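J.: here are the coordinates; sequence isn't available:
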């Protein structure tokens with residue numbers, strides 16, 4: 001297996017370096033997980049505020065617009081975030097060249113997006129229904145769409161570079177502060193509504209979202225520029241480096257886009273067959289289960305750059321620890337959603353969201369399967385085996401389209417949730433089967449850690465907490 005990585009240009013490291021990387025991986029994973037606790041609480045409060053302010057139809061409209069824009073970001077982004085993380089971590093291309101290529105990439109993509117939007121607008125807005133429902137092309141919503149795309153494309157690149165540099169402390173702080181900004185801003189908006197008794201229009205709320213997106217983008221840029229030395233060299237030559245980035249990016253490009261479509265295609269079907277009200281209820285079920293993924297995503301994010309550098313035995317061992325603990329954690333909270341959603345959804349979000357309960361329970365099972373799928377995709381990225389992820393994504397995409405067409409018209413948002421569950425299950429089963437040649441431990445270790453793994457993780461958590469407390473003192 002080492003020969004595969006050697007062919008990719010990754011140098012073999014010493015045993016001492018391997019132990020250092022192992023410690024750093026565990027340290028960054030656990031620290032990221034710990035800081036995700038307040039971040040996830042803030043994210044949940046933000047969801048509650050948005051849903052309460054928008055209502056079912058407004059939440060459906062917001063989800064419809066952001067889903068389309070994130071898809072456009074994913075399509076035009078060309079898997080650049082993953083590529084940056086890989087090439088910065090592996091050091092196969094000089095950092096100064098990667099920074100220069102990133103600036104040029106952002107300039108081209110943003111200019112292309114603005115050209116497309118301008119062209120659509122000049123054509124009397126008919127083509128804008130790709131992004132927005134009909135008769136909702138008002139200026140605040142259009143401006144929000146533009147700002148949202150630009151902000152997410154820039155943060156997309158920034159995060160890729162920071163992940164490659166393993167600056168997870170910086171990423172975690174940015175994540176924490178940006179969630180805090182959103183919650184404080186919308187707490188003020190919601191509080192004023194409660195005390196004044198006034199009802200906000202959807203256009204006003206989108207105007208507020210524009211302000212928040214601008215503040216967060218500015219914060220990202222300031223923090224990034226203060227954390228990473230600016231090094232540019234636009235004299236080139238870039239041709240071979242761009243080809244190498246494109247080669248790696250395109251391998252995961254199909255997987256990335258199909259994964260997004262699989263996760264969001266039901267939104268388009270629901271909006272078409274059932275309207276924005278039903279979409280608002282289903283979107284809330286998605287938002288609740290995505291809240292769980294906020295906890296686990298740092299583990300996936302941290303693993304990739306470290307595992308890329310590590311020696312084979314340590315790589316496999318730490319992968320299994322990360323995969324099994326993330327699965328158990330997700331399983332526990334999925335059980336909590338299944339047991340408590342009948343109470344907390346109508347209590348927190350209002351009686352209008354009663355029909356969210358059953359889809360939320362189904363999707364909570366789906367995200368447990370999703371985390372296994374994501375862990376195996378990380379392994380495929382590390383070993384440059386993206387072709388297996390592509391096949392799995394193709395199976396997933398075909399199945400969810402067929403099931404959505406069959407079930408959503410008849411069963412509505414419950415049918416959409418079941419379609420998602422079966423699509424994830426089929427892809428994950430294939431990825432487990434295709435990973436058998438490179439898995440050096442029994443398959444059950446993907447789901448259940450050893451007793452010694454618990455001891456290792458607990459002792460590491462205690463050390464990290466003590467270090468954090470000593471630093472504060």
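T.: Received, thanks. As the structure is a computational prediction, the values presented were derived from the model and not from experiment. Numbers count the residues shown, from 1 in each chain.

J.: in this structure, which spans are helices?
T.: Remark: helices assigned in the chain by DSSP state H are 2-7, 15-77, 80-90, 95-122, 139-164, 168-196, 202-227, 239-273, 275-309, 312-349, 357-382, 386-435, 451-472.

J.: among those, which is nearest residue 233?
T.: Of all the helices of the chain, helix 95-122 sits nearest to residue 233, with 5.2 Å by Cβ to Cβ. From N, CA and C alone the C-beta is placed, and that goes for glycine too.

J.: may I see the buried residues of the closest one?
T.: Buried residues in helix 95-122, counted by 16 or more other Cβ atoms under 10 Å: 95, 97-102, 105-106, 109-110, 113, 117, 120.

J.: and that helix, how far from the chain's centre?
T.: 22 Å (Cα atoms, centre = their mean, to the nearest Å).

J.: do stretch 167-180 as well
T.: 15 Å.

J.: which of the residues in it are buried?
T.: By neighbour count with 16+ other Cβ under 10 Å, stretch 167-180 contains the buried residues 167-168, 170-172, 174-175, 177-179.

J.: from those, which one has the minimum pLDDT?
T.: Ranked by pLDDT, the buried residues of stretch 167-180 bottom out at residue 168, which has 74.

J.: roughly how far apart are that one and residue 318?
T.: Residue 168 sits 15 Å away from residue 318, going by Cβ to Cβ, to the nearest Å.

J.: just residue 242 next, same as before
T.: Distance from residue 242 to residue 318, counting by Cβ to Cβ: 32 Å.

J.: and if you look at residue 143?
T.: Distance from residue 143 to residue 318, counting by Cβ to Cβ: 45 Å.

J.: before we move on, the earlier item: in CSV: the helices of the chain, plus distance to residue 233.
T.: Formatted as CSV, the helices of the chain follow (distance: least, Cβ to Cβ, whole Å):
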stretch, distance to residue 233
helix 2-7, 28
helix 15-77, 23
helix 80-90, 16
helix 95-122, 5
helix 139-164, 16
helix 168-196, 24
helix 202-227, 18
helix 239-273, 11
helix 275-309, 23
helix 312-349, 33
helix 357-382, 28
helix 386-435, 29
helix 451-472, 37
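
J.: and of these, who's closest to residue 444?
T.: Closest approach to residue 444 among those is made by helix 312-349 (8.8 Å; Cβ to Cβ).

J.: tell me the mean pLDDT over the closest one?
T.: Averaging pLDDT along helix 312-349 yields 84.

J.: so in this protein, where's the weakest helix or strand by average pLDDT?
T.: Least confident helix or strand of the chain, by mean pLDDT, DSSP states H and E, is helix 2-7 with a mean of 40.

J.: you'd agree residue 321 is up against residue 449?
T.: Yes. The criterion here is Cβ atoms under 8 Å, and residue 321 meets it with residue 449 at 6.2 Å.

J.: which one of those two has more residues nearby?
T.: Using other Cβ atoms under 10 Å as the criterion, residue 321 and residue 449 rank with residue 321 on top: 23 against 19.
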